[in-house]
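Trainee: just coords:
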């Protein structure tokens, strides 16, 4: 029994590590495949390219032509986003925006741990959703701390109309959206508890006696 509570923290650690690694690796690939930055600085080996990935800044002028995954709807396009996910709050002045996003990210991480520690071992749906939120928040936070902007590269648009498009995003944004959506669609804890209590055999017998 003592090992069971530890299981939910292992799940959180696994989801967080996997989400963060996938997010950062795909951003590295975006710089590698969608810009000429590495060739410009002579970074050829994997180690040199990884070093350049963390060292180089503001690479949009070096962006190459987009890569079309499915030309009518989906392309990969290198974009640097100083705003929030999907370009939100881009109107906020930079001197306010950067510290504001750091505070919001720290609050989000604190919320995840505060909420997560209250979950029961069997509440896997909520555990997974919070794991996604944590990985997505930290994934973009790493970018902000390293560069003061977030690397985006997934570009969805409507049937050969790039002017009719969803804001360019990344894996961290996707994890955040999915995690928050899972939290929103999950029934309230009180409702779940009531359903569980009402389904217990002892409670059914008590109700029948009343």
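Mentor: Thanks, I have the structure now. Note that this is a predicted model, so its numbers are computed, not measured.
Trainee: And the residue positioned nearest the centre of the chain, how far from residue 147?
Mentor: Geometric centre of the chain, nearest residue: residue 136, 2.1 Å, by Cα atoms, centre = their mean. Going from residue 136 to residue 147 by Cβ to Cβ, to the nearest Å gives 17 Å. To be clear about C-beta, it is placed using only N, CA and C from the backbone, and glycine gets the same treatment.
Trainee: The residue nearest to the centre of the chain: which element?
Mentor: helix 124-147 (DSSP states H and E).
Trainee: For the helix or strand just after that helix, name the packing helices and strands.
Mentor: Next helix or strand after helix 124-147 toward the C-terminus (DSSP H and E): strand 150-158. Applying 3 or more Cβ pairs under 8 Å, 6 or more residues apart in numbering; DSSP states H and E, we find strand 150-158 packed against helix 4-34, strand 74-81, helix 124-147, strand 161-165, helix 171-185.
Trainee: what do you get if the cut-off is 10 Å, keeping everything else the same?
Mentor: Applying 3 or more Cβ pairs under 10 Å, 6 or more residues apart in numbering; DSSP states H and E, one finds that strand 150-158 makes contact with helix 4-34, strand 67-70, strand 74-81, helix 124-147, strand 161-165, helix 171-185.
Trainee: Could you point out which of these sits nearest residue 111?
Mentor: helix 124-147 (8.3 Å; Cβ to Cβ).
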